[in-house]
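Participant: Model the following, please.
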Amino acid sequence: MGKSMVTFLAVGILLIAFAWAIGGNEITDYTSYYFKCLIGQTAKVEIKNQVIKAEVVKSTKAKAKGLSHRRNLPKDKGMLFVFDQADKYEFWMKDMKIPLDIIWINDGKVVDISRGVFPPVAGSEPVRVKPTKSVKEILEVYSGVGQNWQIGDQVNITFGRILGL
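Facilitator: Reported below is the predicted structural model:
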C-alpha cells in the first residue's frame, strides 16, 4: 500500500473519530476519554495510592452532560469536574445508567463522599446530591471504587496531555 493511501486512511479514521466524539455519538464508551487524552483534557487523580485516569470537564455544557448515557465506566477511569471557585455544587443523576461514588474535593483533600449514588428508577425523579462543605473539584467514579477513601484523605491531581496519563 502506498504512502499516500496510508496517510489518507489515517486522516479519515481520525476525522471519523473526531466527528463521533464531538457529536456525542461515541464509537464506544471509551472514545471520549481517549480523545480528550489527545487534546489535553485529562487528569491523573491519586487518593490513597489508587490512581484514577479522569476526563476533565470545565465548561457548563460538559458539566451538564457529565457521565450521562454511559453504560459502563472502568474501575480506573472517572470524570473530574473543575470549578473556578469553591461552593456547594448540586449534582443529579439525570440520564445516568450506572451507579457512582461522588468524591467532593477542596484544597487537595476529600471533604465529603456520596457513596452508591444510583441512576433514577423509571418514572421517578433523579437523585440529587451535594456536599456538606464547599468544593472546587468533584470526582465521579464507578460505585465502590472509592470504598477505602475517607474524608480528610489527601488528593493529588496532575493535569496532563499525554495519551494514557
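
Participant: Sheet partners, orientation included, of the longest strand along the chain?
Facilitator: Longest strand in the chain, counting residues (DSSP state E): strand 77-87. Partners of strand 77-87 in the sheet, by DSSP bridges, are strand 50-57 (parallel), strand 135-142 (antiparallel).

Participant: what's downstream of it, the next helix or strand?
Facilitator: strand 91-92 (DSSP states H and E).

Participant: Quick check: mean pLDDT of the longest strand of the chain?
Facilitator: Rounded to a whole number, the mean pLDDT of strand 77-87 is 94.

Participant: That one: which residues count as buried?
Facilitator: 77-82, 86 (16 or more other CB atoms under 10 Å). Every C-beta, even on glycine, is put in place using the N, C-alpha and C of the backbone.

Participant: same thing with stretch 138-148?
Facilitator: Taking 16+ other CB under 10 Å as the basis for neighbour counts, the residues of stretch 138-148 that come out buried are 138-143, 145-146.

Participant: Stretch 53-67 too?
Facilitator: Neighbour-count burial for stretch 53-67 flags 53-57, 62-63, 65-67 (criterion: 16+ other CB under 10 Å).

Participant: Please measure how far the first residue of it sits from its last one.
Facilitator: With CA to CA, to the nearest Å applied, stretch 53-67 spans 14 Å between its terminal residues.

Participant: Please state the offset of it from the chain centre?
Facilitator: Centroid displacement of stretch 53-67 relative to its chain, using CA atoms, centre = their mean, to the nearest Å, is 6 Å.

Participant: ranges for the helices of the chain?
Facilitator: For the chain, applying DSSP state H gives helices covering 3-23, 31-39, 60-65.
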